[in-house]
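Q: Give the three-dimensional model of this entry:
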Amino acid sequence: MKKWLLCFLLFFFLHQDSTTQNLVPNPSFEENDTTFCGIMQAWDFNQTINDWQNPSFASPDAYFTNIDPTCFNYQPDSQYGGVVGIKGTQSPRSGEVLAGIWVYTIEGLNQREYLQVRLTPSMVTGKAYIVSFYVSLADYMESSINNLGAHLSVLPVSASNDDPLDLTPQILHIEFVEDFVGWTLISDTIVAQEDYSYLTIGNFFDDDATNTLPNNLASGEPGTYGAYYFVDDVSVVETIVTHLIDVENSDVEISPNPVKDMLNITFPEDVSDFQIKIFNAQGARFYERQINQRPSISIDCSTFPSGIYFVQIESQNEQFVKKLMKY
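A: Numbering: from 1, shown residues only. Next up, the predicted model:
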């Protein structure tokens, strides 16, 4: 059998104990001192949603399912009749509250909105974490974009304008997020390079570096230009996976990734005696099977909760671990 080409060494299994604590307080925006009815100004988000901040002079929004349906920020089917167009309809992924940010407005204006939270406790240098959040394109907006991401920092980020923050996100989703019905998971596993204490979510690229795709449901109403996304269920969780071997040009193929239902794994025809295990990020085993003289198998992942998994494939003298996203 052709040798696997080990492309890079990111992480390896070093220990078996891990905390499942989410370092993000108020991760789905449910805790608030008061509800809000209307179109938020720059200061309103900070005064409404506990633990979260607006780090710039822009104005992220909070949406509620338990306020008057005539409010602009009622969801999922606001009956607001004002001059500003409704951005879209979306139920929270969990609970009764969700957030929303403008990540692209009119080309050339370079306007952005961000969400920022202080982690409690802070991340620890050298430890591995899964950073994730869910987004959904607002139905009636003009466009979808790529380059949604998250930045981790030791100190809080702030700006006195609504320009793109001059930061490099450690978590970056380079694909377009066009789904306006369901929620798209944006996630990655990183090793903390510092004791990060703050997480900031948004688009950190200027207009020239951001690509757009037209949205067929765009309403054309005032206030629906550009791209706007709902955000919910933010998470930073330490993972037992502290080193991961990945492969390039491997003889073993895993698809699709991300997976929804059936996961297909294809081996070279001369392969025999392989063991496959699938773990979630906390180390719980969801699947295990020994493979003998079979070029391909299919694994039903439909009952797996959405999130990050690791597929470990091992023969007598070779092994690799591949990260798998389940939605």
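Q: use CA for all of it now, contacts and neighbours both
A: Fine.
Q: Next, D179: secondary structure please.
A: Under the three-state scheme (DSSP: H, G, I helix; E, B strand; the rest coil), the conformation of D179 reads as coil.
Q: what's near enough to touch it?
A: The neighbourhood of D179, defined by C-alpha atoms under 8 Å, 6 or more residues apart in numbering, consists of 136-137.
Q: Please name the residues that touch D166.
A: Contacts for D166 were tallied using C-alpha under 8 Å, 6+ apart; they are F204.
Q: Phi, psi for it please.
A: Recorded main-chain torsions at D166 are phi -80, psi 70, according to degrees, to the nearest 10.
Q: What residues of stretch 154-170 count as buried?
A: By 16 or more other C-alpha atoms under 10 Å, the buried positions in stretch 154-170 come out as 156-157, 162-165, 169.
Q: what about I174, how many neighbours?
A: 14 (other C-alpha atoms under 10 Å).
Q: The residue lying closest to it once chain neighbours are set aside: what's it in contact with?
A: In space, and not counting its chain neighbours, I174 is closest to N147: 4.7 Å by C-alpha to C-alpha, 6 or more residues apart in numbering. Residues near N147 by C-alpha under 8 Å, 6+ apart: 172-176, 203-205, 210.
Q: where does A159 land in three-state SS?
A: Secondary structure assignment for A159 (three-state DSSP): coil.
Q: and stretch 153-160, how far from the chain's centre?
A: In this view, stretch 153-160 has its centroid 21 Å away from the chain centroid, taken as C-alpha atoms, centre = their mean, to the nearest Å.
Q: quick one: contacts of that stretch?
A: Judged by C-alpha under 8 Å, 6+ apart, the contacts made with stretch 153-160 from elsewhere in the structure are 55-57, 116, 118, 165, 194-200.
Q: give me the beta-bridge partners of the one residue sitting closest to the centre of the chain?
A: Among the residues of the chain, the one closest to the centroid is I186, at 2.0 Å (C-alpha atoms, centre = their mean). Bridge pairing for I186 (DSSP bridges) gives the partners F133.
Q: do L213 as well
A: Here L213 shows beta-bridge partners S144, assigned using DSSP bridges.
Q: and it, what does it touch?
A: Applying C-alpha under 8 Å, 6+ apart, the residues contacting L213 are 143-145, 176.
Q: That'll do, ta.
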